[in-house]
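In: Sharing a model that was predicted from the sequence below.
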Amino acid sequence: MADKLFQTEYATLEELREAAAGCRACDLWKLGTQTVFGEGSAKAKLMFVGEQPGDQEDLAGRPFVGPAGRLLDKALEEAGIDRKVTYVTNVVKHFKWQPRGKRRIHQKPNAA
């Protein structure tokens, strides 16, 4: 499946989601619980892109469900925009972290 990730075209976002779930192109997959793919309409006219999933996103397998997601939801509500008409994702699909006691502390992903 990972080889399929590097093809240049996909018929659907679901095909790309499936390919990304098996990606082993970098070592971040070893840290994260799962791939956190984007969600929303493939025809959305508004897209939000974050840096990487956080702890709560990694555990839920969904983007923007933690503190940043709550802030985004509040801003969208104030702007009168239904989140269902947007597409939300992160550039990096795995949570990079380091343990600190019982907590998983966010680490900035590097260019590689």
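Out: Looks like it came in fine.
In: Run through who's touching the lengthiest helix in the chain.
Out: Once the chain is assigned using DSSP state H, the helix that runs over the most residues is helix 67-79. Applying Cβ atoms under 8 Å, 6 or more residues apart in numbering, the contact partners of helix 67-79 are 48, 50, 54, 56-57, 63-64, 82-83, 86, 88. Glycine gets a C-beta too; all of them are placed from N, C-alpha and C.
In: which SS state does V36 fall under?
Out: The three-state label given to V36 by DSSP: H, G, I helix; E, B strand; the rest coil is coil.
In: Mean pLDDT per element in the chain, and the minimum belongs to which helix or strand?
Out: Confidence across the helices and strands of the chain bottoms out at helix 2-5, with a mean of 56, counting by mean pLDDT, DSSP states H and E.
In: one step back: flag every buried residue along the longest helix of the chain.
Out: 68-69, 72, 76 (16 or more other Cβ atoms under 10 Å).
In: of all these, which comes closest to L16?
Out: Minimum distance to L16 across the buried residues of helix 67-79 is 21.5 Å, recorded for G69 (Cβ to Cβ).
In: Quick one: mean pLDDT over stretch 98-112.
Out: The average pLDDT within stretch 98-112 is 83.
In: Stretch 12-31 too?
Out: Mean pLDDT, stretch 12-31: 87.
In: Helices along this structure, start to end?
Out: 2-5, 13-21, 55-60, 67-79.
In: export the ones you listed to TSV and tack on distance to D27?
Out: As requested, the helices of the chain are arranged in TSV below (distance: least, Cβ to Cβ, whole Å):
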stretch	distance to D27
helix 2-5	13
helix 13-21	16
helix 55-60	15
helix 67-79	24
